[in-house]
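1. Pasting a predicted model and its sequence here:
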Amino acid sequence: MLEITPAILIAESELSERFIRSPGPGGQNVNKVETAVQLRFDAARSPSLPEDVRQRLLRLAGRRADGEGVVTIEAHRFRTRERNREDARMRLAELIRQAAHRPKPRIATRPSRASKERRLESKRAQSIVKRRRTERPRED
């Protein structure tokens, strides 16, 4: 079980891992050993996620989520499979934790009379500065 929050637990059966070769430069093992991990989580069909968390997760995942709602995370920061595997799981858990955080609703407000006055005054001052730049010096 991958524990995200006390209320959200993801079963191992919902995660699939595939080991691939790490990109980038390396030593003798870079073309032989598959140490990078590709962790896939089907968020669209997961029974572990509430609907609102699922929608926020897919929005947060961006291009890491495909059109079918599968979130893919690649980890190749470390040299061993185990560390990359743990890194991918931690990154997925953090992404889901962010999605589980419900954003505070915005309360519509109106600008105060004083703030409107300050804004208009600063616009007038800026206008004067720009107008003075274009004035030609007088030749007496």
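-> Thanks, I have it. The model shown is predicted, which means the values in this text are computed figures rather than measured ones.

2. Tell me the gap between the longest helix seen in the chain and the middle of its chain.
-> For the chain, the helix with the greatest residue count under DSSP state H is helix 113-134. Chain-centre distance of helix 113-134: 38 Å, with C-alpha atoms, centre = their mean, to the nearest Å.

3. ok, now how distant is residue 18 from residue 74?
-> Computed as C-beta to C-beta, to the nearest Å, the residue 18 to residue 74 distance reads 10 Å. Bear in mind the C-beta positions are built from the backbone N, C-alpha and C, glycine included.

4. out of the two, which sits in the more crowded spot?
-> Per other C-beta atoms under 10 Å, whichever of residue 18 and residue 74 has more neighbours is residue 74, with 18 against 12.

5. And the pLDDT for that one?
-> Per-residue confidence at residue 74 stands at 89 (pLDDT).

6. Give me the three-state assignment for it.
-> At residue 74, secondary structure determined by DSSP: H, G, I helix; E, B strand; the rest coil is strand.

7. Give the residues shared as contacts by residue 18 and residue 74.
-> Residues touching both residue 18 and residue 74 (C-beta atoms under 8 Å, 6 or more residues apart in numbering) are 37, 38.

8. all helices in this protein, in order from the N-terminus.
-> In the chain, the helices defined using DSSP H lie at 51-61, 81-100, 113-134.
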